[in-house]
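>>> with the sequence up front, the predicted model follows.
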Number of protein chains: 2
Amino acid sequence: MRVLGIDCGSERTGYGVIDSDGVEHRLIAAGVIRTSPKWRFEKRLLEIARELRRLIGEYAPETAAVEGVFYAANAKTALKLAHVRGIALLAIAEAGMEVAEYSPLEIKMSVVGYGRAEKRQVQTMAQSLLRLPEIESEDASDALAVAICHATHESARRRLSGEKL
Amino acid sequence: MRVLGIDCGSERTGYGVIDSDGVEHRLIAAGVIRTSPKWRFEKRLLEIARELRRLIGEYAPETAAVEGVFYAANAKTALKLAHVRGIALLAIAEAGMEVAEYSPLEIKMSVVGYGRAEKRQVQTMAQSLLRLPEIESEDASDALAVAICHATHESARRRLSGEKL
C-alpha cells in the first residue's frame, strides 16, 4: 500500500511517501514544504495547501497519517501548528482519505521499538528501514517515521481483518 | 465595500456579510455552518471549507476578517479552534484576499464603543447597527460584529489614505 506521512510545521512541513506491506518499506518521495516567515500567515497556509494537493495528486497515496495534536509548552507555537494541521487534514479529506493520527510515543514504539527513543534515533531508524544512505532533512525523516508507523499499524489491521494489503 | 466576517468554531462557524461605508452597515447574509460532532474531524473541516468557499463565491466579499487567535483556558478547545481557523484563513487566501484580524477587545470597542462590553451587548449592538429585529444565532451575530469592526477600520484606513471606499 502507498502511504503518505506528514510532519506539520508553519515554516517547514515534512512529507514522506512510501510503498509498504507493513514489513518492507520502500521510499517513493520525501521532502519539505518551506514557506517564508516573511509571508503573511494565510499565504503560507495557501502554499502548504497547494503543495500538499500537488503531492497527493502526483503520488496518489491510498492512506495518510499525521502526528497527533502536540500540546507544546509554547501556546503560540502550538496554535500556529494547529492551523497548519487543519490544512493538512483538509488536503487529506479532499482526496477522499481518512486521517490516521499517532502520538509521538506510538511513532517511536513503531519505528524504534522503544517509546523513549530520542528524536535522532527515530530518524536514523527510519533511514535504515528504508535502506537509505541519508535523509537530508529532519522534517522529511519525521514524516517518513509517521508513514512507517501508519504502514505497520494499517497492514496489521488489514491482515487481521482479512482485507487486501 | 462588501465585508465578510467569520466566527470560527468546530461545531458552529458563524459568518456575516455586510455592505458598508464604515458608517452605515447593511446586512447581505448571515448564518451558521454547522457540522456534526459525530463526524470525523477532517470531514468537519472539509464541510466548513466547502461552505466558506461557496459563500465567498456567492457573495463575492472584497475583504474579510476573523477574530484573532483565542488563547482558551482549555488547550484542547483552543487547538481544535485553530484547525478550523486555518481552514478559514485558507478559504480567504484562496479567494485572493488578505485576512484582517481583530482581538475581542478591538471588536467590542468598535461595535459597542466600550472594551469591557458583555458578549450579549455586542450582539445587541450589531443587531441595532444593522437595523435588524433579531439575529437568531449568536455565532452569526458574533461574525457580523467582526464584519462591522473590520468595515469601520478598513473604511477609516481607506479614507485616510485617499483610497476609494
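Received the coordinates, thanks. In this text the structure is predicted, and so the values were computed from the model without any measurement.
>>> which bits of chain A sit near chain B?
A:40-43, A:45-46, A:49, A:69, A:71, A:75-76, A:78-80, A:82-87, A:89-90, A:92-94, A:98-99 (Cβ under 8 Å from any Cβ of the partner chain). Backbone N, C-alpha and C define where each C-beta goes, glycine included.
>>> so which of those residues are in strands?
residue A:99 (DSSP state E).
>>> from the residues of chain A next to chain B, list the buried ones, please.
Among the residues of chain A next to chain B, those buried by neighbour count (16 or more other Cβ atoms under 10 Å in any protein chain shown) are A:41-43, A:45-46, A:49, A:69, A:78-80, A:82-87, A:89-90, A:92-94, A:99.
>>> of these, which belong to helices?
Residues from these lying in helices, with DSSP state H as the criterion: A:41-43, A:45-46, A:49, A:78-80, A:82-87, A:89-90, A:92-94.
>>> hey, where'd the helices end up in chain A?
Under DSSP H, chain A gives helices at A:41-59, A:75-94, A:104-111, A:119-129, A:138-160.
>>> low-confidence ranges in chain A?
A:70-73 (pLDDT under 70).
>>> ok, now how distant is residue A:129 from residue B:163?
With distances taken as Cβ to Cβ, to the nearest Å, residue A:129 is found 58 Å from residue B:163.
>>> settle it for me: which of these two has more neighbours?
Using other Cβ atoms under 10 Å in any protein chain shown, the more surrounded residue of residue A:129 and residue B:163 is residue A:129, with 22 against 10.
>>> ok, now which ones touch the spatially closest residue to that one that is not a sequence neighbour?
Using Cβ to Cβ, 6 or more residues apart in numbering or on different chains and skipping the chain neighbours, the partner closest in space to residue A:129 is residue A:25 (5.4 Å). Shown in contact with residue A:25 (Cβ atoms under 8 Å, 6 or more residues apart in numbering or on different chains): A:18-19, A:129-130, A:147-148, A:151.
>>> and of the residues you listed, the nearest to chain B?
residue A:147 (17.4 Å; Cβ to the nearest Cβ).
>>> who's the nearest residue to the closest one once chain neighbours are set aside bridged to?
Spatial nearest neighbour of residue A:147, excluding adjacent residues (Cβ to Cβ, 6+ apart): residue A:5 at 3.0 Å. As for beta bridges, residue A:5 partners with residue A:16, residue A:65 under DSSP bridges.
>>> so what's the residue count around the closest residue to residue A:13 other than its chain neighbours?
Of all residues not flanking residue A:13 in the chain, residue A:33 sits nearest, at 4.4 Å (Cβ to Cβ, 6+ apart). Applying other Cβ under 10 Å, we find 23 other residues in the vicinity of residue A:33.
>>> what about residue A:33, distance to chain B?
Residue A:33 is 14 Å from chain B, where distance means Cβ to the nearest Cβ, to the nearest Å.
>>> surely that residue touches residue A:52?
Yes - under the contact definition of Cβ atoms under 8 Å, residue A:33 touches residue A:52, with a separation of 7.2 Å.
>>> what do the two both touch?
Counting by Cβ under 8 Å, 6+ apart, the residues touching both residue A:33 and residue A:52 are A:13, A:15.
>>> was I right to think residue A:147 contacts residue A:16?
Yes - at 4.6 Å, residue A:147 counts as touching residue A:16 under the criterion of Cβ under 8 Å.
>>> give me the phi and psi angles of residue A:114.
phi -150, psi 120 (degrees, to the nearest 10).
>>> and it, how many neighbours does it have?
Residues near residue A:114, counting by other Cβ under 10 Å, number 12.
>>> quick one: contacts for it?
Residues in contact with residue A:114 (Cβ under 8 Å, 6+ apart) are A:108, A:121.
>>> ok, it to chain B distance?
Taking Cβ to the nearest Cβ, one finds residue A:114 at 28 Å from chain B.
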